[in-house]
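Asker: Sequence and computational prediction follow.
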Amino acid sequence: MYRYDEFDHAMVSDRVNQFRGQVARRIAGDLTEDQFKPLRLQNGLYLQLHAYMLRVAIPYGQLNARQMRMLAHIARKYDRGYGHFTTRQNIQYNWPKLEDTPDILDDLASVEMHAIQTSGNTIRNVTADQYAGVAADELEGEDPRVYAEIIRQWSTFHPEFAFLPRKFKIAVSAAQGVDRAAVRFHDIGLFIVKNDAGEIGFEVWVGGGLGRTPMIAKKVRDFVAKPDLLAYLEAILRVYNLEGRRDNMYKARIKILVHETGVEKFSRLVEEEFEATRGGDMELPAEEVARIREYFAPPAYEALEDDPQALTARRFEHKAFNDWVRVNTVRHKAPGYAIANISLKPVGLPPGDISADQMDTVADLAEQFSMGDIRATHEQNLVLPDVRQDQLYDLWLGLQKAGLADANLDHIGDVICCPGLDYCALANARSIPVSERITQRFADLDRQYEIGELRLKISGCINACGHHHVGHIGILGVDRKDQEYYQITLGGAPGDDAAIGKKIGAAFSSDEVVDAVETILMTYLAIRRDGERFIDTHRRVGDAPFKEKLYDKAA
Amino acid sequence: MTRLLKDGKVTPDDWTHVGDDDALPDDGPVIVSLTRWQAEKDSLAGRNSGLGIRLAAGESPADLGDDLARFQVVALEFPKFADGRAYSYARLLKDRLAFDGEVRAVGDVLRDQYRAMYRCGFDTLEIDRNVSDAELEAAWTEALGDFRHAYQAAERGPQTILRRRHAAPA
């Protein structure tokens, strides 16, 4: 993984000192809360319902065992012994004290971590495919982390783009034919591609996002050559900074600008800016790409075969292990290795939460079985990306002991969920309790497997942090005369088959919503054809059969 | 009290901001709004002293066209510090439009943004703060020193980290 050089270290430590000064000026009253707010937000510090919340960046979702142990330490020392992995590959702490935050940032800096630009109207932490570098379906020789790191550095304290109209999110993927990073739901989405001449570059999508006005991004360019990457990004950002709406925060994201301007005109503005600024200091030198690429060079994999006997025998003997392997592990590009997902979705607990002790266990297991490498996913799970197949059983035993072996990846138990009204000042309704009740209702794993792949996503308000629009089943909490109600959407999808779900009908009360989900799934089971996932059936038949069961009480 | 900071020093300001309804002084350099410039172009252009223009956020210097050459000062307004358009306007002026006069920050100009303003090409900052000249200058020096390095190329600031990493050994 990337390691800081003297410059990167200096940037982060200078930032900690700057923030320490800002906190001191705030406490002394030299800064008003209004003046302090954007400064603390640029360091990931929110004021929530009950307390401050600190969001720590995990650039493109990668961290090592040492960093994970530091996250555990912070959870113990400054928080209540746990942390929460978010839908943007970050981790949040819900109970830090303002005066402690500079010390937390110091502790993070000691392991090359920070909270820079995890909030505020800035270029946020860059996300990437969580299987970067190990996925069997990745464009050969390319790794999105290389460019995500380059973008991280370029965007860090960019003097021109610290006060954009609204937040700005960039995602990168090099996977072929699949999209695990929801690239088309970002302000800028980059696919690493090979053009007809055999050169590697970037296909650029702009203006995707969820929130109040969910939109799939539009392609603005088929190919940007590597040396032009930063010039092109800067051109997009400048057009957005100048032209994006600032009169209404709900219309301030770049998706609205692209939508209102039209993609042709928007692209033309970007191209003009790009032509005028490319080259010179804006050129990304090949030496820098090469320098960063070295940090992500594949480790020395041993020459192994897939499906070794140590694995197949255990799978045969042990149903729970076999289920976990089938559901939670993914094909690795190196034979004999596997990508192992750690579900942070135990039955009846908040999705994405993890205790300090569990973090330490994950760190230990990563060192023992995964070359120290860990990933965080936007589905609020963790990944050990480099596990020998003949060691999967030992890994699984270790995970099981720590309560981390739930075999529910991409099933109904693997709910994505925002913090909701239990924590968040923006929420209209609680989301975690709904998630907990759904996972309890569907706790039986065999029932989950019978239902098959299902992406269920819950947001506690229209800002859509739980990505409900791209859930096969999405649940949105709304407030009706001080009562919590839940709207259900069907048909969303985050990946290569990106789609925005549509509302099925009137909202359900808190008491009804879990039954409604069950009704939808029972209907699906009754009408699905062989091999159809829920989303496939819904695409074939539409809303009608589900609607009928949900709302036609006479039937 | 509003003072002008140039290169980190409090500097006497010869320029007068003239409001849209205010009478123009007989002589001396003035800064007028875009509206006033458009309405009174001929008489303003005939003055014998310096002329500057004040652009509100949303008024792009790129739209001034050939008129830009008539101004010695372009004052870019921060209606609130969280409105970041003027950073891009300053860069447009310095880079694309090759404006060689003074680019001035006016409005909500706060200590924590001095460095970004400097890097984006602002030559002077109008600052309204109740502190001594010495304290203001110290705040500038401190703000500029918040970071030793910079990742991005901009109008000013240290050589980029990228260049330093790959500079030919001396």
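Answerer: Thanks, I have it.
Asker: Tell me the buried residues in stretch B:75-83?
Answerer: Across stretch B:75-83, burial judged by 16 or more other Cβ atoms under 10 Å in any protein chain shown covers B:75-78, B:81-83. C-betas here are computed from N, CA, C, even on glycine.
Asker: cool, stretch B:4-15 as well?
Answerer: Neighbour-count burial for stretch B:4-15 flags B:4-6, B:8, B:10, B:13, B:15 (criterion: 16+ other Cβ under 10 Å).
Asker: Please identify which of those is nearest to residue A:456.
Answerer: residue B:5 (55.7 Å; Cβ to Cβ).
Asker: So what does that closest one look like in phi/psi?
Answerer: The phi and psi values for residue B:5, taken as degrees, to the nearest 10, are phi -110, psi 120.
Asker: Identify the bridge partners of it.
Answerer: For residue B:5, the beta-bridge partners are residue B:10, residue B:125 (DSSP bridges).
Asker: Which single residue in chain A comes nearest to chain B?
Answerer: Nearest residue of chain A to chain B (Cβ to the nearest Cβ) works out as residue A:163 at 2.9 Å.
Asker: so that residue touches residue B:79, yeah?
Answerer: No: the pair residue A:163 / residue B:79 is not scored as a contact, 11.5 Å apart, by Cβ atoms under 8 Å.
Asker: What does the pLDDT read for residue 41?
Answerer: Answering for chain A, as no chain was given. Residue A:41 carries a pLDDT value of 88.
Asker: my question was about chain B
Answerer: pLDDT at residue B:41 comes out at 94.
Asker: Could you report the separation of it from residue A:402?
Answerer: 75 Å (Cβ to Cβ, to the nearest Å).
Asker: more neighbours, those two?
Answerer: residue A:402 (18 against 12; other Cβ atoms under 10 Å in any protein chain shown).
Asker: ok, how many other residues are close to the residue lying closest to the more buried one once chain neighbours are set aside?
Answerer: Counting by Cβ to Cβ, 6 or more residues apart in numbering or on different chains, residue A:402 lies nearest to residue A:361, which is 4.1 Å off, once chain neighbours are set aside. Neighbour count for residue A:361, taken as other Cβ under 10 Å: 21.
Asker: For chain B, just list every one of the strands.
Answerer: Listed in chain order, the strands found in chain B under DSSP state E are B:2-6, B:9-11, B:16-17, B:30-33, B:51-55, B:73-78, B:102-107, B:124-128.
Asker: Off-centre distance for the second one?
Answerer: For strand B:9-11, the separation from the chain centroid amounts to 14 Å (computed by Cα atoms, centre = their mean, to the nearest Å).
Asker: what's that strand packed up against?
Answerer: strand B:2-6, helix B:133-144 (3 or more Cβ pairs under 8 Å, 6 or more residues apart in numbering or on different chains; DSSP states H and E).
Asker: got it, and the last one?
Answerer: With contacts defined as 3+ Cβ pairs under 8 Å, 6+ apart, the secondary structure elements packing on strand B:124-128 are strand B:2-6, strand B:102-107.
Asker: Out of those, which one sits most buried?
Answerer: Most buried of the helices and strands packed on strand B:124-128, by mean neighbour count (mean count of other Cβ atoms under 10 Å in any protein chain shown): strand B:102-107, with a mean of 22.
Asker: hmm, that one touching chain A?
Answerer: No: with Cβ under 8 Å from any Cβ of the partner chain as the measure, strand B:102-107 is seen stopping short of chain A, the closest distance being 12.7 Å.
Asker: Could you tell me the angle between that strand and strand B:2-6?
Answerer: 140 degrees (axes from the mean of the first three to the mean of the last three Cα atoms, to 10 degrees).
Asker: Enumerate the residues of chain A near chain B.
Answerer: A:5, A:7, A:10-11, A:14-15, A:17-18, A:22, A:35, A:38-39, A:121, A:153-154, A:156-164, A:238, A:241-242, A:246, A:276-277, A:280-282, A:285, A:287-288, A:291.
Asker: Can you turn the buried part of those into a ChimeraX selection?
Answerer: Selecting only the buried entries of the residues of chain A next to chain B in ChimeraX, with 16+ other Cβ under 10 Å as the criterion:
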select /A:7,11,14,15,17,18,22,35,38,39,121,153,154,156,157,158,159,160,161,162,163,164,238,241,242,246,277,282,288,291
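Asker: Any idea which residue is closest to the centre of chain B?
Answerer: residue B:104 (1.9 Å; Cα atoms, centre = their mean).
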